[in-house]
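>>> With the sequence up front, the predicted model follows.
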Amino acid sequence: MKKTNIVLVLADNLGWGELGCYGGGAIRGAPTPRIDALAKEGIQLLNFNVESDCVPTRSALMTGRHPIRTGALQSVPTGLPQGLIPWEVTIAELLSKAGYATGMFGKWHLGDKEGRYPKDKGFDEWYGIPRTTNESMFTEQVGFDPEIVDVPYVMEGVKGRPAEKKEIYDLEMRRRIDGVLTEKSCDFIRRKVAADEPYFLYVPLTQLHFPTLPHRDFEGQTKKGDFADSMIELDARVGQIIDAVHATGTQDNTLFIFASDNGPEYRRPWRGSAGMWTGTYHTSMEGSLRVPFIARWPGNIPADVVSNEIFHVVDIYSTLAAVAGVEVPQDRPIDGVNQVSFLKGETPNSAREGFVYFIKNEMRAAKWRDWKMHFVWEKEPNEGANHLETPYLFNLVQDPKEETDVSSTQGWVRGPIRKMINAFQVSLKETPPIPPGAPDDYLPNKVKENR
């Protein structure tokens with residue numbers, strides 16, 4: 001049986017309220033017809049949840065494990081290596097072993113040295129940036145000294161060979177990069193289909209991360225400013241990749257996923273919108289957790305479905321493994337659950353009821369069914385985290401803005417939430433987390449004991 005091709009496009013800091021199909025679009029000065037049409041052709045999730053910012057979300061996506069386990073947090077002790085240790089098994093490594101050609105074109109942010117680049121973690125080929133988009137501002141900032149700080153580069157890597165620096169990542173390249181990533185993604189699709197190879201294509205684009213600057217081809221198109229121009233560029237880039245799939249005639253055998261890694265940017269002038277939710281990324285508010293997710297798979301996922309069932313970014317790992325017919329690792333806790341039956345409409349309910357939410361190594365909140373419990377309260381990044389003596393409890397259906405504590409009227413919910421939290425804490429004791437900044441040769445204690 002022919003394997004299903006997989007395309008995963010990940011926007012950067014795209015808030016829940018930006019796309020037309022999520023209530024944004026023209027309201028935000030930027031219609032998004034291509035992504036809106038994609039949503040109509042598959043399932044649109046209203047309760048897809050991510051981690052607090054770029055690194056932990058990408059770690060969760062790649063490993064199916066909460067970042068508190070992998071040590072791939074938003075900050076690492078100075079001078080220590082960033083990202084995932086080699087022991088972690090990425091979804092690209094799983095699919096590669098299952099016979100998939102694997103390509104990544106975009107932002108990695110899970111390691112910036114040999115041994116930790118995408119081409120070392122399961123991708124046959126990679127073109128993009130190892131860290132983050134705001135580095136494109138460095139070379140034009142006051143006092144920048146290339147003798148002291150490395151100049152940021154766009155890089156290229158092929159499995160089995162050292163990665164190469166290709167072009168300085170400055171502000172002009174920041175404008176051009178998503179166009180290049182899209183061209184390379186479309187070329188990858190054409191090449192793999194022509195070679196009759198099943199493929200996994202991961203495209204973590206850079207829009208709408210700050211500095212939110214559009215390609216010159218899109219500059220001024222909306223007459224609403226750079227942010228809106230960047231939005232229509234993002235929509236067009238997704239459309240180009242969809243068109244490349246269709247041009248090869250393989251759309252019916254391709255699972256196409258579009259999602260975002262985080263809630264919206266909080267910094268001005270690049271601040272985005274979380275729509276009806278409160279907050280931005282770097283917090284535990286719903287505006288940080290909930291982002292767009294759309295999946296199309298003709299003949300498998302029913303069209304025009306909208307669901308408010310809970311889905312977490314770690315679930316992508318187990319779900320894609322199931323699509324490819326490969327088992328997830330059995331020697332470590334995998335937090336992701338297989339959501340294929342839910343996506344296909346074989347069951348109306350998600351395979352998960354809730355999850356715990358950490359920022360760095362601190363548990364900030366937990367979600368379960370319609371409720372969310374906050375242990376640390378911080379509505380805006382850097383405004384000061386208030387560690388609550390008595391946790392706040394919100395019913396997110398009745399109160400999406402998280403304004404009215406229902407502890408006194410719906411307090412029974414604390415019981416199942418506490419059980420979920422306790423089970424997770426027990427698992428952390430049984431399999432201690434990998435410390436942030438762990439070296440390449442680090443192995444968890446249980447693995448060492450079994451060797």
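Good, I have the coordinates.
>>> now Ile316: how far from Thr248?
24 Å (C-beta to C-beta, to the nearest Å). Bear in mind the C-beta positions are built from the backbone N, C-alpha and C, glycine included.
>>> So between these two, which is more surrounded?
Ile316 (24 against 17; other C-beta atoms under 10 Å).
>>> so that one is in which element?
In the assignment (DSSP states H and E), Ile316 maps to helix 315-324.
>>> what about the helices in the stretch 101-250 of the chain?
For the stretch 101-250 of the chain, the helices defined by DSSP state H, counting those that start in this stretch occupy 171-194, 226-247.
>>> Tabulate those (CSV), appending mean pLDDT.
CSV is the format used below for the helices of the stretch 101-250 of the chain (pLDDT from 0 to 100):
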stretch, mean pLDDT
helix 171-194, 98
helix 226-247, 98
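>>> and among those, the most buried is which?
Using mean count of other C-beta atoms under 10 Å, the stretch among those with the largest mean neighbour count is helix 226-247, at a mean of 22.
>>> neighbours around Glu197, how many?
Residues near Glu197, counting by other C-beta under 10 Å: 14.
>>> Quick check: it touching Thr102?
No. Glu197 is beyond contact range of Thr102, at 10.1 Å (criterion: C-beta atoms under 8 Å).
>>> Tell me the buried residues in the strand ranked longest in the chain?
Longest strand in the chain by number of residues, with DSSP state E as the criterion: strand 386-395. Using 16 or more other C-beta atoms under 10 Å as the test for burial, strand 386-395 gives Pro391, Tyr392, Leu393, Phe394, Asn395.
>>> Please report the distance of Val413 from Leu255.
With C-beta to C-beta as the criterion, Val413 and Leu255 are 35 Å apart.
>>> Neighbour count: these two, which is higher?
Neighbour count, other C-beta under 10 Å: between Val413 and Leu255, Leu255 has more, with 23 against 19.
>>> Please work out the average pLDDT along the helix or strand that contains the more buried one.
Per DSSP H and E, Leu255 falls inside strand 254-260. In this model, strand 254-260 carries a mean pLDDT of 98.
>>> Adjacent strands (with direction) for it?
The sheet places strand 254-260 alongside strand 5-11 (parallel), strand 290-296 (antiparallel), with pairing taken from DSSP bridges.
>>> Just send those back as CSV, with mean pLDDT and mean neighbour count too.
Rendered in CSV, the data for those read as follows (pLDDT from 0 to 100; neighbours: other C-beta atoms under 10 Å):
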stretch, mean pLDDT, mean neighbour count
strand 5-11, 98, 24
strand 290-296, 98, 25
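>>> after the longest strand of the chain comes which helix or strand?
helix 414-430.
>>> Now that next one: buried residues?
Buried, per 16+ other C-beta under 10 Å, within helix 414-430: Ile417, Met420, Ile421, Phe424.
>>> got it, and stretch 192-211?
192-193, 198-211.
>>> Quick check: end-to-end length of that stretch?
From its first residue to its last, stretch 192-211 covers 33 Å (C-alpha to C-alpha, to the nearest Å).
>>> How far off centre is that stretch?
Taking the mean of its C-alpha atoms, stretch 192-211 sits 13 Å from the chain's own mean (C-alpha atoms, centre = their mean, to the nearest Å).
>>> What is the burial count for Phe105?
By other C-beta under 10 Å, the residues close to Phe105 number 28.
>>> Quick one: residues contacting it.
The contact partners of Phe105, taken as C-beta atoms under 8 Å, 6 or more residues apart in numbering, are Trp126, Tyr127, Gly128, Leu181, Thr182, Lys184, Ser185, Phe188, Leu201, Tyr202, Val203.
>>> possible to save these as a markdown table with distance to Gly115?
Converted to a markdown table, these look like this (distance: C-beta to C-beta, whole Å):
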| residue | distance to Gly115 |
| --- | --- |
| Trp126 | 14 |
| Tyr127 | 19 |
| Gly128 | 17 |
| Leu181 | 23 |
| Thr182 | 28 |
| Lys184 | 23 |
| Ser185 | 25 |
| Phe188 | 24 |
| Leu201 | 23 |
| Tyr202 | 19 |
| Val203 | 23 |
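>>> still on that earlier bit, mind putting the buried residues of strand 386-395 into JSON lines with distance to Val326 and pLDDT?
Formatted as JSON lines, these follow (distance: C-beta to C-beta, whole Å; pLDDT from 0 to 100):
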{"residue": "Pro391", "distance to Val326": "39", "pLDDT": "97"}
{"residue": "Tyr392", "distance to Val326": "41", "pLDDT": "98"}
{"residue": "Leu393", "distance to Val326": "39", "pLDDT": "98"}
{"residue": "Phe394", "distance to Val326": "38", "pLDDT": "98"}
{"residue": "Asn395", "distance to Val326": "39", "pLDDT": "98"}
